[in-house]
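In: Compute the structure for the input listed below.
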Amino acid sequence: MNALALYLVTDHDLCEGAGRSILDTVIAAVDGGVTCVQLREKDNQAKDFLDLTMQVCQAVGAKVPVIINDRVDVFLAARAQGAAVAGVHVGQSDLAAGLVRQMIGADAILGLSASTPEEIRLAEESGVVDYIGIATVRATATKEDAPRLSGLRA
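Out: Down below sits the predicted model:
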């Protein structure tokens, strides 16, 4: 899946701190070579997240896959409104990947976070995910609930 070669995960506070909107950041990142965008909005209400999704898909959805973090409802609503949204990424404490696959369909991209060898093995064996996001390789301040470092090397 070449679309995942350079994968941007958005962060509202980092964008705001840099004086840019998420939309402006995504456009600049795609222009700079990003090959996939994951919209991660932990604190946004569904309507605001959907509005952002529609804007981002309008701007870059024809160029790169746009993946929605955690919010299957936002993905489905964006698809229902005709947005070129490509898929959903879920974590271990979100809806089960098998259920998400049933909801989003076979044509959508489904990613799953995994932090332990067991989670990775189960994700691979599930046959329902398109990619596994392995975390955490380096310490981060952008995700308060990030698991301990995995011991993997980048």
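
In: Name the nearest residue to residue 129, ignoring sequence neighbours.
Out: Once flanking residues are discounted, residue 129 sits nearest to residue 112: 4.5 Å by C-beta to C-beta, 6 or more residues apart in numbering. No exception for glycine: its C-beta is placed from N, CA and C like everyone else's.

In: for the record, mean pLDDT for the top strand by length along the chain?
Out: Using DSSP state E, we find that the single longest strand of the chain is strand 109-114. Regarding strand 109-114, the rounded mean pLDDT is 96.

In: so what does it touch, helix or strand wise?
Out: With contacts taken as 3 or more C-beta pairs under 8 Å, 6 or more residues apart in numbering; DSSP states H and E, strand 109-114 sits against strand 87-90, helix 97-104, helix 117-126, strand 131-134.

In: In its sheet, which strands sit next to the first one, and in what direction?
Out: Sheet pairing here is set by DSSP bridges, and for strand 87-90 it gives strand 66-69 (parallel), strand 109-114 (parallel).
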